[in-house]
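No letters, just coordinates:
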């Protein structure tokens, strides 16, 4: 990894001031535990809660295809940091495997990996979260409620101003999925611990984003599944 002094300053500024890190900038990493089979269309709102998150607003959507043993998810959205004059567009996709998902077993376990991409001017960012999620289906008749946690390894590659950097950090998201027949709601928080660049004058708290998200979904059955 090579950096010029100018490149280091640019990356540190971008990381601390304009980047709301997650997989999709400004939105938590969601895990569709408890979804079952079929197609789910979701609308998401995300909000950065600290300075490292940009304290901005995210609006986007996702589509998830749930199969008996695995699922795939793709989405896109826009994020505008507090005080920014323009929005950033983010794209992301995930694939997950259901490691434990039996009808009579309340504990659900899945493994998920994905990627998210955002570009702002010459600054580019690629996020790769690799997570193991654990959910618990609560015994609530007529309503499917599944709280979950998903610790992860988070790989982030940034480039711009003639310099690039790759960081491997730990993070996680936690949330709750609730389904009422075809309709569903979800909420989650997301945090990643990043180390401030040496000589930047920043602390780890300045570059470790905390993000909150909430949304609603519509589930559709697919014949044959």
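Perfect, thanks for sending it. In this text the structure is predicted, and so the values were computed from the model without any measurement. Residues are numbered from 1 along each chain as shown.

Show me where the chain has its strands.
38-48, 57-66, 70-80, 88-100, 107-120, 123-136, 144-160, 163-180, 183-192, 210-220 (DSSP state E).

tell me the centre residue of the protein?
When CA atoms, centre = their mean is applied to the chain, the residue found nearest the centroid is residue 29 (2.3 Å).

Enumerate every residue touching that residue.
Neighbouring residues of residue 29 by CB atoms under 8 Å, 6 or more residues apart in numbering: 22-23, 114, 129, 131, 150, 152, 173, 188, 190. In short, each C-beta sits where N, CA and C put it, glycine included.

Which members of the residues you listed are the farthest-apart pair?
114 and 188 (14.5 Å; CB to CB).

I figured residue 42 hits residue 62, correct?
Yes - counting by CB atoms under 8 Å, residue 62 is a contact partner of residue 42 at 4.6 Å.

Now do the shared contacts for those two.
Any residue near both residue 42 and residue 62 by CB under 8 Å, 6+ apart counts here, and that gives 30, 75.

Below-threshold pLDDT in this structure: ranges please.
Within the chain, the ranges that satisfy pLDDT under 70 run 1-21, 203-205, 223-225.

still on that earlier bit, nearest to residue 200, of the strands of the chain?
Here strand 163-180 is closest among the strands of the chain (CB to CB), at 11.8 Å.

so what strands line up beside the closest one?
Strand pairing for strand 163-180, using DSSP bridges, gives strand 144-160 (antiparallel), strand 183-192 (antiparallel).

Could you pull out the buried residues of that strand?
Across strand 163-180, burial judged by 16 or more other CB atoms under 10 Å covers 163, 165, 167, 169, 171-179.

Relative to residue 65, how far out is residue 87?
Distance of residue 87 to residue 65, computed by CB to CB, to the nearest Å: 28 Å.

no no, residue 148
19 Å.

Which one's more surrounded, the two?
Counted by other CB atoms under 10 Å, residue 148 and residue 65 do not tie: residue 148 has more neighbours, with 24 against 17.

what's the more buried one in contact with, if anything?
By CB under 8 Å, 6+ apart, the residues touching residue 148 are 31, 33-34, 108, 133-136, 174-177.

List just the nearest of those to residue 201.
Residue 201 lies nearest to residue 174 out of the contacts of residue 148, by CB to CB, at 31.4 Å.

so that closest one touches residue 186, yeah?
No - using CB under 8 Å as the test, residue 174 is too far from residue 186 to be in contact (11.7 Å).

returning to that earlier point: how near is the residue nearest to the centre of the chain to residue 130?
For residue 29, the distance to residue 130 equals 10 Å [CB to CB].

Show me the common contact partners of the two, please.
In contact with both residue 29 and residue 130: residue 152, using CB under 8 Å, 6+ apart.

Need the nearest residue in space to residue 113, chain neighbours excluded.
residue 130 (4.7 Å; CB to CB, 6 or more residues apart in numbering).

quick one: that neighbour and residue 96 touch, right?
No - taking contacts as CB under 8 Å, residue 130 lies outside contact range of residue 96: 10.6 Å.

Which residue of these two possesses the greater neighbour count?
A count of neighbours by other CB under 10 Å puts residue 96 above the other of residue 130 and residue 96, at 22 against 12.

For stretch 109-120, which residues meet the burial criterion?
Result for stretch 109-120 [16+ other CB under 10 Å]: buried residues 109-112, 114, 116-118, 120.

do stretch 44-57 as well
For stretch 44-57, by 16+ other CB under 10 Å, it's 44-48, 51-57.

Understood, closing this out.
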